[in-house]
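In: Predicted coordinates and the sequence they were generated for:
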Amino acid sequence: MNSDALPLQELLLRGDPEAALAAFGRREFVNRFGIVARTFPPAEARALATGAGLAVRAWYGVRQFYDYTSDPRKTEPAFRDAVGRLELATRATDPYRLIGRDVQIIAARD
């Protein structure tokens, strides 16, 4: 989970500006299953991979838009596919990858 995205989730999904403000810098959250989970900002997640002896080849934001929309067409295949294309087009581009709910890191041993 991308900790930098937590404030967006609190405001855009729950409509709670106070919770959004409190989410800055938060390193844990309760997921939809009621489990406390850790969060990492993208730079720290990449540093963890590097610290484990891996070379980061690329990194992407995941779910930069879909999770933040409350559009009633969200479950319609055409709308979902269009948002999916948008996410693929922006996944490696700042600032969009920085707001993705999740971060995907592609790394390998040299």
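Out: Good, I have the coordinates. Residues are numbered from 1 along each chain as shown.
In: Name the helix or strand for the closest residue in space to Phe24 that isn't next to it in sequence, please.
Out: In space, Phe24 comes closest to Pro7 once its chain neighbours are excluded; the distance is 5.7 Å by C-beta to C-beta, 6 or more residues apart in numbering. C-beta here means a position set from N, CA and C on the backbone, and glycine is covered the same way. Assigned by DSSP states H and E, Pro7 falls within helix 6-8.
In: dump the residue contacts of Phe65.
Out: Residues in contact with Phe65 (C-beta atoms under 8 Å, 6 or more residues apart in numbering) are 83, 86-87, 90.
In: try 7 Å
Out: Phe65 is in contact with 83, 86-87, counting by C-beta atoms under 7 Å, 6 or more residues apart in numbering.
In: what does Ile105 give?
Out: 45-46, 49, 56, 59.
In: what's the answer for Ala37, then?
Out: Contacts for Ala37 (C-beta under 7 Å, 6+ apart) come out as 1, 28-29, 31.
In: Kindly supply the PyMOL command isolating those of those that are buried.
Out: Buried subset of the contacts of Ala37, written as a PyMOL selection, criterion 16 or more other C-beta atoms under 10 Å:
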select buried, resi 1+29
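In: Sounds good, over and out.
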